[in-house]
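# Sharing a model that was predicted from the sequence below.
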Amino acid sequence: MSNHLRNIRAIFETAKTHKVSRKVDSYEYEEVEKLILTDNIPYHEVLQLFTDKIYRNWFYDRNFIK
């Protein structure tokens, strides 16, 4: 796992303890995923995105379960 993915994983875990601050629409999931994986979104925004439990679980299933 790359350093960037380890950082994303840490943010993912931290977001579980925060209130929802930003919802991701389902039609945006793949585009937002691409931006996160290519490091085109600042980490503080990634944290906000991961407060959306549905998106967080969708992202986790696609990127961390192997």
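Here it is on my side, so go on.
# low-scoring stretches of this structure, by residue?
Low-confidence segments of the chain, defined by pLDDT under 70: 1, 66.
# Give me the buried positions along the longest helix along it.
Taking DSSP state H as the criterion, the chain has its longest helix at helix 3-15. Residues of helix 3-15 classed as buried: 8, 11-12, 15 (neighbour count, 16 or more other Cβ atoms under 10 Å). Glycine gets a C-beta too; all of them are placed from N, C-alpha and C.
# Nearest spatial neighbour of the residue positioned nearest the centre of the chain, chain-adjacent residues omitted?
Nearest to the geometric centre of the chain sits Phe50, at 4.6 Å (Cα atoms, centre = their mean). Nearest residue to Phe50, sequence neighbours excluded (Cβ to Cβ, 6 or more residues apart in numbering): Ala15, at 3.4 Å.
# Could you do Val32 as well?
With Cβ to Cβ, 6+ apart, the residue lying closest to Val32 is Val24, at 5.8 Å.
# show me the contacts for the one you found.
32, 49, 52, 54-55 (Cβ atoms under 8 Å, 6 or more residues apart in numbering).
# Mind giving me the PyMOL command for buried ones among those?
To isolate the buried members of the contacts of Val24 in PyMOL, using 16+ other Cβ under 10 Å:
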select buried, resi 32+49+52+55
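# quick one: which two of the contacts of Val24 are the most distant?
Val32 and Ile54 (12.4 Å; Cβ to Cβ).
# measure Leu5 to Thr38 for me?
Using Cβ to Cβ, to the nearest Å, Leu5 is found at 12 Å from Thr38.
# err, Leu49, not the other one
Counting by Cβ to Cβ, the gap from Leu49 to Thr38 is 14 Å.
# what does Ala15 give?
Ala15 is 19 Å from Thr38, by Cβ to Cβ.
# before we move on, what about Tyr27?
On the measure of Cβ to Cβ, Tyr27 and Thr38 end up 19 Å apart.
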